[in-house]
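Peer 1: Model the following, please.
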Amino acid sequence: MKFLKFLASAIVVFLLVGVVSMGLVEKINPGEIGVKQSLWGTDTIENQDFEPGFHVGVLGIHKWHRLDRRTHFLTFSSTDAVESGRGMFEVSANNSQRRPPLDIRTKDNNTAALDVTMTYRIVENEAWQIVKEGRQNAYLDRVVSTVQSVLREELAQLTPEDFVDTEVRLARAEQTMPVLRDALKEWHIVPDRLLIRAVRFPDAYEQKLQDRQLKQQLTLLEKSKQAVEEALAKTGTIEKKTEADVKELIANWDKQLQEALSDNNVKVAEVLGAAGEYDLRTRAEAEASYETLVADGNLAVAKAEALRDELRNAALDTVGGRILQARDAAENLNFTSITLNSNDPNVPSVIDIDGLVKILIGSGDD
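Peer 2: Residues are numbered from 1 along each chain as shown. Model (predicted):
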């Protein structure tokens, strides 16, 4: 039982907190601008715009106003207009205002019906001023009437031909934007873009315009044909002159080429002659130098051989030279047998080694 009582008390407290919080908190949805008003005092509107989200607002003490934060579309068009019971035109759920075509009188005093679209939005942090001035329910209609007045004055400066010219039409729309900004500043509105979508003239005048445009096009066509013929004639003249110039240039180039070939042949012959002369002279000088060097070499070889023989003879004339000669002679001797007469007193004994050597190679005194 105690648990059930506690649970019932908790539910009651939760519900009370929810109800109280609903009376203390206000939700501003995305796409909305919140403006807070105090129901007590003289200066009741707070001087600020509230962003989307939850904000403190006591029920019975504060009042909230909501204005559309999104971009607005104001369209003057016969296809988009939907008349309401007051003769005005509805603001649809997609924040667009639709009006009938914009009737103007052009610069040449002709009437025209325009399809125009302008986008605009509330100036940042100025929605509270709209509410403070009491215009939150009327500013949309005021925007329509202001834009309509400005466009009728500014676009009336165009002629029918200007409406056909895209560059002129866009330039006039761009020039109209500063005028719209100044005019809508009073309503805390800033325009974003202005688009002239279509223009229609009365049927009779449309036919005249078409006839005029057709004549202009035919005139332009004739001028174009004439320009083409003149261009063709000029092109033919230029073509003939070009052919003559080309032939003249080719003849000049052939002449210059032949002259250059002749000059080159002469120069080549001169170079070949000089090269042959240089070859003969160089070869003769080289052969003479070769013979001289060969003779000098042979002389040097002969002198070297003579010096060699002289030095060799001088070396052989010494004791060592004689020993060397004796040795060479001994190496070249080949005795089959030697017979010594033991009865000859001049023959040394076989045991007299010195005597035998003296007989064979002689003594050092010889």
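Peer 1: any weak-confidence spans in the stretch 51-200 of the chain?
Peer 2: 58, 60, 79-94 (pLDDT under 70).
Peer 1: Mind jotting down where the strands sit in it?
Peer 2: Assignment of strands within the stretch 51-200 of the chain using DSSP state E, counting those that start in this stretch yields the ranges 53-56, 62-68, 72-76, 96-99, 102-105, 111-122, 189-200.
Peer 1: most packed of those?
Peer 2: Burial of the strands of the stretch 51-200 of the chain is given as mean neighbour count (mean count of other Cβ atoms under 10 Å); strand 72-76 ranks first at a mean of 21. Just so you know, the C-beta spots here come from the backbone N, C-alpha and C atoms, and that holds for glycine as well.
Peer 1: Run the angle between that strand and strand 189-200 for me.
Peer 2: If you take axes from the mean of the first three to the mean of the last three Cα atoms, to 10 degrees, strand 72-76 sits at 30 degrees to strand 189-200.
Peer 1: what's strand 72-76 in contact with?
Peer 2: With Cβ atoms under 8 Å, 6 or more residues apart in numbering as the test, strand 72-76 has contacts from 94-102, 114-121, 140, 143-144, 147-148, 151.
Peer 1: which stretch among the strands of the stretch 51-200 of the chain comes nearest Lys225?
Peer 2: Closest to Lys225 of these, according to Cβ to Cβ: strand 189-200, at 31.1 Å.
Peer 1: Quick check: next helix or strand after that closest one?
Peer 2: Later in the chain than strand 189-200, the nearest helix or strand by DSSP states H and E is helix 203-316.
Peer 1: what packs against the following helix or strand past that following helix?
Peer 2: Once the chain leaves helix 203-316, the next helix or strand it forms, by DSSP H and E, is helix 319-332. Contact analysis of helix 319-332 by 3 or more Cβ pairs under 8 Å, 6 or more residues apart in numbering; DSSP states H and E lists helix 203-316, helix 353-361 as its packing neighbours.
Peer 1: and those, which one's lowest on average pLDDT?
Peer 2: The minimum mean pLDDT among the helices and strands packed on helix 319-332 belongs to helix 353-361 (a mean of 65).
Peer 1: how is this structure carved up into domains?
Peer 2: Here the domain parsing of the chain from automatic domain parsing is 72-201, 204-305, 318-361.
Peer 1: Mind putting the helices and strands packed on helix 319-332 into a markdown table with mean neighbour count and distance to Val164?
Peer 2: Shown next, in a markdown table, are the helices and strands packed on helix 319-332 (neighbours: other Cβ atoms under 10 Å; distance: least, Cβ to Cβ, whole Å):
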| stretch | mean neighbour count | distance to Val164 |
| --- | --- | --- |
| helix 203-316 | 10 | 8 |
| helix 353-361 | 13 | 146 |
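Peer 1: Using JSON lines, please lay out the ones you listed together with distance to Ala127.
Peer 2: Below are those laid out as JSON lines (distance: least, Cβ to Cβ, whole Å):
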{"stretch": "helix 203-316", "distance to Ala127": "44"}
{"stretch": "helix 353-361", "distance to Ala127": "150"}
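Peer 1: Can you say which of those helices is nearest to Asn125?
Peer 2: Of all the helices and strands packed on helix 319-332, helix 203-316 sits nearest to Asn125, with 47.7 Å by Cβ to Cβ.
Peer 1: Between strand 189-200 and that closest one, find me the angle.
Peer 2: Going by the same axes, to 10 degrees, helix 203-316 is angled at 110 degrees with respect to strand 189-200.
Peer 1: quick check: angle from helix 203-316 to strand 111-122?
Peer 2: Angle, helix 203-316 to strand 111-122, by the same axes, to 10 degrees: 60 degrees.
Peer 1: mind checking how far Glu230 is from Thr219?
Peer 2: Distance from Glu230 to Thr219, counting by Cβ to Cβ, to the nearest Å: 16 Å.
Peer 1: if I look at the residue nearest in space to the middle of the chain, how far off is Glu161?
Peer 2: Note on the chain: the residue nearest the mean C-alpha position is Glu167, at 30.7 Å, using Cα atoms, centre = their mean. Relative to Glu161, Glu167 is positioned 12 Å away (Cβ to Cβ).
Peer 1: Pro178 now?
Peer 2: Remark: distance between Pro178 and Glu161 (Cβ to Cβ) = 25 Å.
Peer 1: Compare these two and say which one has the larger neighbour count.
Peer 2: Glu161 (15 against 10; other Cβ atoms under 10 Å).
Peer 1: ok, now how distant is the more buried one from Lys107?
Peer 2: 10 Å.
Peer 1: do the same with Val294
Peer 2: Going from Val294 to Lys107 by Cβ to Cβ gives 117 Å.
Peer 1: same check, this time on Gly297
Peer 2: To Lys107, Gly297 is 118 Å away according to Cβ to Cβ.
Peer 1: what do you get for Arg281?
Peer 2: Distance of Arg281 to Lys107, computed by Cβ to Cβ: 101 Å.
Peer 1: what's in contact with stretch 312-319?
Peer 2: Stretch 312-319 is contacted by residues Gly321, Arg322, Leu324, Gln325, Gly364 when judged by Cβ under 8 Å, 6+ apart.
Peer 1: looking at the protein, which residue ends up farthest from its center?
Peer 2: Distance to the chain centre peaks in the chain at Asn343, reaching 130.6 Å (criterion: Cα atoms, centre = their mean).
Peer 1: can you tell me which residues contact the nearest residue to Phe76 once chain neighbours are set aside?
Peer 2: Spatially, and ignoring its direct neighbours in sequence, Phe76 is nearest to Leu102 (4.2 Å; Cβ to Cβ, 6 or more residues apart in numbering). Counting by Cβ under 8 Å, 6+ apart, Leu102 makes contact with Phe76, Ala113, Leu114, Asp115, Val116, Gln148, Leu151, Arg152, Leu155.
Peer 1: Sounds good, over and out.
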